[in-house]
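**Q** Please find the sequence and the predicted model below.
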Amino acid sequence: MRRFLNFFLLSVLLAACLSGCKGGSKALLPSVSGKAGEVLVVIDRADWEGAVGNAARELLADECPYLAQREPLYTLVNVTPAGFDSDMFKIHRNVLLFKIDPQIDSAGVFFRKDVWSQPQCVIQVAAYDADGAVELLQKKGSLIVRSIEQAERDRVIRNAMLYEEKSIYESVASEFGGSPHFPMGYKIKKASPDFYWIADDKQYVYQDVFVYRYPAEKDHPFSSANIIRHRNEILKENVPGMFDNTYMTTSVFFTPMIEYLKFRGRDIVQTRGMWEVEGDYMGGPFVSHSFYSPDGKDIIVAEAFVYAPRYDKRQYLRQVESLLYSWEWSQKDQKEEK
């Protein structure tokens, strides 16, 4: 175990050294391995089967909210420190390393990027004993989850920017002053002055985005009731179902969850819920970001939704939701916002 910790620290120092050089470690590191949504947990078998493993599963394999079926937040893959010596494991996209040893120099949770591959998220939990490791997971749990979430999101945005359908950004931004960035495969399905529908529809999986706006109200513009009321009105008009008198709406069987975020200097109201088609049996999860237009006169909504009746939906939703975070104002509107 001591040799394992020394090797980890040496690798981190080497990566830090190389990153300071021109051309740096990025050119030397391989691409990450593993499936999206996976976390490799490096821990002794006894601890994995005991309290520490239970705490890790409770944190990272908890139920993912607002999906039609039960799915874990992340898929955990366990490997022992001895097994982790293999290059196959070291380049995994998300690595959670446990070092439980009474002789460690200091306890804590340490966050690293691009140690053995890129773009990689490495988190080390160092504790003197199992109780200390459980306590660290409880105290730093939200930060651990957010770090992995951000790493997964950044990979999606990176690919969207690398393989972007630039014409979609230009079209949406010309109407709304800004837009998410969309990768190849997405098409504009509907475009009107106040409503855009951008879709990546395959045979059994829809990963779509709406961008729409409505006049900002003076009283409680970001209350759940107002957000859902406007959503239902706009989608009834713009998103018809397969049959006459059917249209998309918000399911009344799942109370939407509102969360206030700040991202890239923008105040965002995030809404999670379930959509359905009035008069039909279609449905699935959605997540939306609501925020003021640069002049403050309108509320702009960027919304992601998934329809995948044959498959688990966690990764499909996470992918399209990540695109919402790529929203970028055009240069003109960036100046107005400032």
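**A** Looks like it arrived, so ask away.

**Q** Tell me which stretches of the stretch 101-250 of the chain form helices.
**A** Here the stretch 101-250 of the chain has its helices, by DSSP state H, counting those that start in this stretch, at 130-162, 166-176, 224-238.

**Q** Number of residues surrounding P30?
**A** Counted by other C-beta atoms under 10 Å, the residues lying close to P30 total 12. All C-beta atoms are positioned from the backbone trio N, CA, C, and that covers glycine.

**Q** Low-confidence ranges, the stretch 201-338 of the chain, go.
**A** 332-338 (pLDDT under 70).

**Q** quick one: R272 from T249, how far?
**A** Distance of R272 to T249, given as C-beta to C-beta, to the nearest Å: 16 Å.

**Q** Could you do D312 as well?
**A** 24 Å.

**Q** Next: S106.
**A** Taken as C-beta to C-beta, the span from S106 to T249 is 54 Å.

**Q** sorry, back to before: export the helices of the stretch 101-250 of the chain to CSV and append columns for mean neighbour count and distance to P183.
**A** Listed next are the helices of the stretch 101-250 of the chain as CSV, based on neighbours: other C-beta atoms under 10 Å; distance: least, C-beta to C-beta, whole Å:
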stretch, mean neighbour count, distance to P183
helix 130-162, 17, 4
helix 166-176, 17, 10
helix 224-238, 17, 24
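
**Q** Need these in a markdown table (columns: distance to I258).
**A** Below are those laid out as a markdown table (distance: least, C-beta to C-beta, whole Å):
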| stretch | distance to I258 |
| --- | --- |
| helix 130-162 | 18 |
| helix 166-176 | 22 |
| helix 224-238 | 5 |
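
**Q** which stretch among those helices comes nearest Y325?
**A** helix 130-162 (5.7 Å; C-beta to C-beta).

**Q** Return the distance of that closest one from the chain's centre.
**A** Taking C-alpha atoms, centre = their mean, to the nearest Å, one finds the center of helix 130-162 at 10 Å from the center of the full chain.

**Q** hang on, the earlier thing: which of D312 and T249 has more neighbours?
**A** Neighbour comparison, D312 and T249: the larger count goes to T249, with 20 against 16 (by other C-beta under 10 Å).

**Q** Okay, and the beta partners of the more buried one?
**A** Beta-bridge partners for T249, by DSSP bridges, are E276.

**Q** tell me the contacts of it?
**A** By C-beta atoms under 8 Å, 6 or more residues apart in numbering, the residues touching T249 are N232, L235, K236, W275, E276, V277, E278.

**Q** Double-check Y196 against I234; I have them as touching.
**A** No: judged on C-beta atoms under 8 Å, Y196 makes no contact with I234 at a distance of 11.4 Å.
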